[in-house]
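Enquirer: Here's a sequence, model it:
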Amino acid sequence: MNQAKLALIAKSDGPMEYTQIAVERRGNVAWLFHDRPGARNAESMQLLDELDHALQSAIDAEDVRVIVVGGKGDHFSAGHDLKEAQAKRAEFTVEERFAYEERRYLGYAMRIWDCPKPTIASVQGACVAGGFMVANMCDMIVASDDAFFADPVCNTLASAAVEVLCHPWVMGLRTAKEFLFTGRRMSAEEAQRVGMVNRVVQRAELEAATTELAEKIAVAPPFATMLTKRSLNRTADMQGFRNALQSHFDTHQLSHVSDEYRRMREQGIAAAISRGRNQTAG
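Expert: Numbering: from 1, shown residues only. The predicted structure is shown next:
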């Protein structure tokens, strides 16, 4: 493997200057924002590295009791940065793709799930594919009334959903099947109805509503909160959550070597992006 590819797969564990996320401390609450509004907060490699780094920093800060993940601008996140993927990782081998996605997609998502402190996703606008994955690995979701959720990659990219198949766990099995097979968008109202979203508020009230929830949680004794979260997550793990996600990751990798996926790549990633946007437009 050449050095350029190694650099893409590797991750820096040292100090990091944030250029694609914004971090704000508000009392005992740390806010971590996707901050690429001009790109609909698409999750580039750098953004994901920064978000993971900031998450760990918030975990290490003793006075942080709650962590909020949000997005600057009109959208939470339109998902993985597919243009960057086409430019930098299109020629990855199976092994290189596996290593890259195991670290930055599955690994980073599981670190959100395993975070010892309560996490809240504050979602407006698009929450699609990779963005859907990040939001749903948080403990709670507060959404604006204009938020929508989608994972259209089965239809648009010939991929077996995104890398982390949390869908049946957060919306129920039958709803997840329809959601993934059709690639349709789900409104915030429907997401709350099926149990995926905790609260839906008007767009102008999103930050205030998220703050209210975070501050209520922050007053609880932190050690007791950590233990309660650990037991709740272990309940899901005993039901198969972690094993199911790890199993699906391997299946997702298999879909990248199918004839369907090869034909999609030959048609061009730009066409796939356009199909994805059209799929979630209504």
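
Enquirer: Pull the number of nearby residues for F223.
Expert: For F223, the count of nearby residues is 9 (other Cβ atoms under 10 Å). Backbone N, C-alpha and C define where each C-beta goes, glycine included.

Enquirer: just the one 3 residues further on next, same as before
Expert: Under the neighbour criterion other Cβ under 10 Å, M226 is assigned a count of 16.

Enquirer: What residues sit buried inside the strand or helix carrying it?
Expert: Here M226 sits within helix 222-238, counting by DSSP states H and E. Buried residues in helix 222-238, counting neighbours by 16 or more other Cβ atoms under 10 Å, are found at 222, 225-226, 229, 233.

Enquirer: which residues touch stretch 223-234?
Expert: 65, 113-114, 116-118, 139, 217, 241 (Cβ atoms under 8 Å, 6 or more residues apart in numbering).

Enquirer: Keep only those of those that are in strands.
Expert: Among the contacts of stretch 223-234, the subset assigned to strands under DSSP state E is empty.

Enquirer: Mind putting those into CSV with neighbour count?
Expert: Shown next, in CSV, are those (neighbours: other Cβ atoms under 10 Å):
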residue, neighbour count
R65, 23
W113, 19
D114, 13
P116, 14
K117, 21
P118, 23
D139, 19
I217, 20
F241, 17
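
Enquirer: Generate JSON lines for these, with distance to D146 as supplementary columns.
Expert: Below are the contacts of stretch 223-234 laid out as JSON lines (distance: Cβ to Cβ, whole Å):
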{"residue": "R65", "distance to D146": "29"}
{"residue": "W113", "distance to D146": "27"}
{"residue": "D114", "distance to D146": "31"}
{"residue": "P116", "distance to D146": "32"}
{"residue": "K117", "distance to D146": "28"}
{"residue": "P118", "distance to D146": "25"}
{"residue": "D139", "distance to D146": "23"}
{"residue": "I217", "distance to D146": "25"}
{"residue": "F241", "distance to D146": "30"}
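
Enquirer: Could you give the number of residues near M140?
Expert: With neighbours defined by other Cβ under 10 Å, the count for M140 comes to 19.

Enquirer: same question, E95
Expert: Other residues near E95 come to 11 when the count uses other Cβ under 10 Å.

Enquirer: Now it: which helix or strand?
Expert: Per DSSP H and E: helix 94-101 holds E95.
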